[in-house]
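In: Give the three-dimensional model of this entry:
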Amino acid sequence: MSAGIDLENVCCDFGSFRAVDHANVSVRPGEFFSFLGPSGCGKTTILRMVSGFIEPSRGVIRIGGKDVRGQRPNQRPTALIFQNLALFPLMPIWENITFGLEVRGVDKTTRRAKADELLRLVDLPGAADKMVSQLSGGQKQRVAIARALAVEPQVMLLDEPLSALDLKLRQHMRAELRAIQKRTGVTFIYITHDQGEALAMSDRVGVMSQGRIQQIADPRDIYNNPVNGFVAAFVGENNVFTGDVQNPSQGMASFATPHGTFRARLGDIAGQTNVKLYVRPEHTALTKAPGPENSIPVTITEVSFEGNFISVLALSDSGARLTAEIRNDGAATVPEMGAKMHMSFDAARASILPDADVRS
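Out: As a prediction, this is how the structure comes out:
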């Protein structure tokens, strides 16, 4: 069983500070949905409102179509996994997993059988009688997930559960979490400030800033078609140019900057005065001769090996600091420091966007 979650015009105020500002979100049953944003943007506050630890100042939250205002956390069909996991160190793993069932009066034999079933589900067979101190960080994460699943929630709420793990283990646990979610069919709501986690695991992502939801879309659309400058800058790297829009026509426009006039896709800038041009480093090309369009003379200032790609920093003749990325596939030519080159980009891969939505 899984349930959808609907937030309708939800606000949360702490005194005069508005932590969540008119959030409207519909999470589908069985979906892996992530709220992504920097610290203090309101994403954890949304999670705590869904779980029942905080009541919204206004608006309605529905789980499975039912208004849950006034329901305590233990009355809601949700399970929350905290960042610190909160496992019991003096209990064996199987008792950790079935603690919620014990509270509900389930007998020991049934609880042990349920623990063994869940340990197989999270790929930890044979760990039932171990203690928490005998497990690695990733194994503890799986135990926390199994414990949450033991009470058969319709919605799983995860508050940055991988943030304390090292990079390789985080990457492994991303795949594990996604696989567990698919096997169980439970709705997952995941909170993170890590764009890689959100993009890799989620069916859809809601990007937040200053209490407002900036964009909700699938990961590919979030990355390739950001609706504003905040989303473009927070989800991935960008070369950013300031300037003025000229000659808009059929979704394209010219953009006049101190570094030249470029053609690019035109985002929704109606009524906006602060707009910029965004170009991702991987969408640029470095050549000795000028490119066919949107070409900037540059001097290579730094070359950094990043593993699967090579980051190239350059300084334009007009003083702009720019970045290009070259795939480390063995075929690309890596420029030398101090080389004079041209950086160019396709108009269809560049976007003219407004700043973030921070309306009062």
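In: shaky segments in the chain?
Out: By pLDDT under 70, the weakly predicted segments of the chain are 357-360.
In: Tell me how it divides into domains.
Out: The chain breaks down into these domains under automatic domain parsing: 5-229, 237-354.
In: so which of these is the most packed in?
Out: Across those, averaging neighbours per residue (mean count of other Cβ atoms under 10 Å) puts domain 5-229 on top, at a mean of 18. Any C-beta I mention is one placed from the backbone N, CA and C, and that applies to glycine too.
In: What's the end-to-end length of that one?
Out: End-to-end distance of domain 5-229: 28 Å, with Cα to Cα, to the nearest Å as the criterion.
In: again with stretch 163-171
Out: Looking at stretch 163-171, the gap from its leading to its trailing residue is 11 Å under the measure Cα to Cα.
In: Run the chain-centre distance for that stretch.
Out: 15 Å (Cα atoms, centre = their mean, to the nearest Å).
In: Residues contacting it, please?
Out: Applying Cβ atoms under 8 Å, 6 or more residues apart in numbering, the set of residues contacting stretch 163-171 from outside is 83-84, 136-138, 141, 162, 173, 192, 194, 197.
In: got a list of what Phe82 touches?
Out: Contact criterion Cβ under 8 Å, 6+ apart gives 159, 161 as the residues in contact with Phe82.
In: which element is Arg111 on?
Out: Following DSSP states H and E, one finds Arg111 within helix 108-121.
In: now could you export just the CA positions of that helix as PDB?
Out: C-alpha atoms of helix 108-121 as PDB (Å, rounded to 0.1, in the frame of the first residue of the first chain):
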ATOM      1  CA  LYS A 108       7.900 -12.300  19.500                       C
ATOM      2  CA  THR A 109       7.600 -15.100  17.000                       C
ATOM      3  CA  THR A 110       5.800 -12.900  14.500                       C
ATOM      4  CA  ARG A 111       8.200 -10.000  15.100                       C
ATOM      5  CA  ARG A 112      11.200 -12.200  14.500                       C
ATOM      6  CA  ALA A 113       9.800 -13.600  11.300                       C
ATOM      7  CA  LYS A 114       9.000 -10.000  10.100                       C
ATOM      8  CA  ALA A 115      12.500  -8.900  10.900                       C
ATOM      9  CA  ASP A 116      14.000 -11.800   8.900                       C
ATOM     10  CA  GLU A 117      11.800 -10.900   6.000                       C
ATOM     11  CA  LEU A 118      12.800  -7.300   6.000                       C
ATOM     12  CA  LEU A 119      16.500  -8.000   6.400                       C
ATOM     13  CA  ARG A 120      16.200 -10.100   3.200                       C
ATOM     14  CA  LEU A 121      14.500  -7.200   1.600                       C
END
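In: ranges for the strands of the stretch 51-200 of the chain?
Out: In the stretch 51-200 of the chain, the strands defined using DSSP state E, counting those that start in this stretch lie at 58-63, 66-67, 78-81, 155-159, 187-192.
In: quick one: the shortest one to chain centroid distance?
Out: Spelled out, it's strand 66-67. Taking Cα atoms, centre = their mean, one finds strand 66-67 lying 27 Å from the centre of the chain it belongs to.
In: which secondary structure elements does it contact?
Out: Strand 66-67 is packed against no helix or strand, with contacts defined by 3 or more Cβ pairs under 8 Å, 6 or more residues apart in numbering; DSSP states H and E.
In: The fourth one now?
Out: Taking 3+ Cβ pairs under 8 Å, 6+ apart as contact, the helices and strands that strand 155-159 lies on are helix 43-51, strand 78-81, helix 137-150, strand 187-192.
In: who wins for proximity to Ser202 among these?
Out: Closest to Ser202 of those, according to Cβ to Cβ: strand 187-192, at 6.9 Å.
In: which other residues reach that closest one?
Out: The contact list for strand 187-192 (Cβ under 8 Å, 6+ apart) reads 2-5, 27-36, 43-44, 46-47, 50, 154-160, 162-163, 177, 181, 197-198, 201-202.
In: Let me have the contacts of stretch 163-171 in JSON lines, adding distance to Ala253 as columns.
Out: As requested, the contacts of stretch 163-171 are arranged in JSON lines below (distance: Cβ to Cβ, whole Å):
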{"residue": "Gln83", "distance to Ala253": "44"}
{"residue": "Asn84", "distance to Ala253": "49"}
{"residue": "Ser136", "distance to Ala253": "53"}
{"residue": "Gly137", "distance to Ala253": "49"}
{"residue": "Gly138", "distance to Ala253": "48"}
{"residue": "Gln141", "distance to Ala253": "47"}
{"residue": "Leu162", "distance to Ala253": "41"}
{"residue": "Met173", "distance to Ala253": "43"}
{"residue": "Thr192", "distance to Ala253": "34"}
{"residue": "Asp194", "distance to Ala253": "33"}
{"residue": "Glu197", "distance to Ala253": "34"}
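In: all helices for the chain, in order.
Out: Secondary structure of the chain, counting by DSSP state H: helices at 43-51, 93-97, 99-103, 108-121, 137-150, 167-184, 195-201, 219-224, 229-234.
In: measure the residue most central in space within the chain to Ala232 for me?
Out: Residue closest to the average C-alpha location in the chain (Cα atoms, centre = their mean): Ala198, at 3.1 Å. Going from Ala198 to Ala232 by Cβ to Cβ, to the nearest Å gives 15 Å.
In: Okay then, goodbye and thanks.
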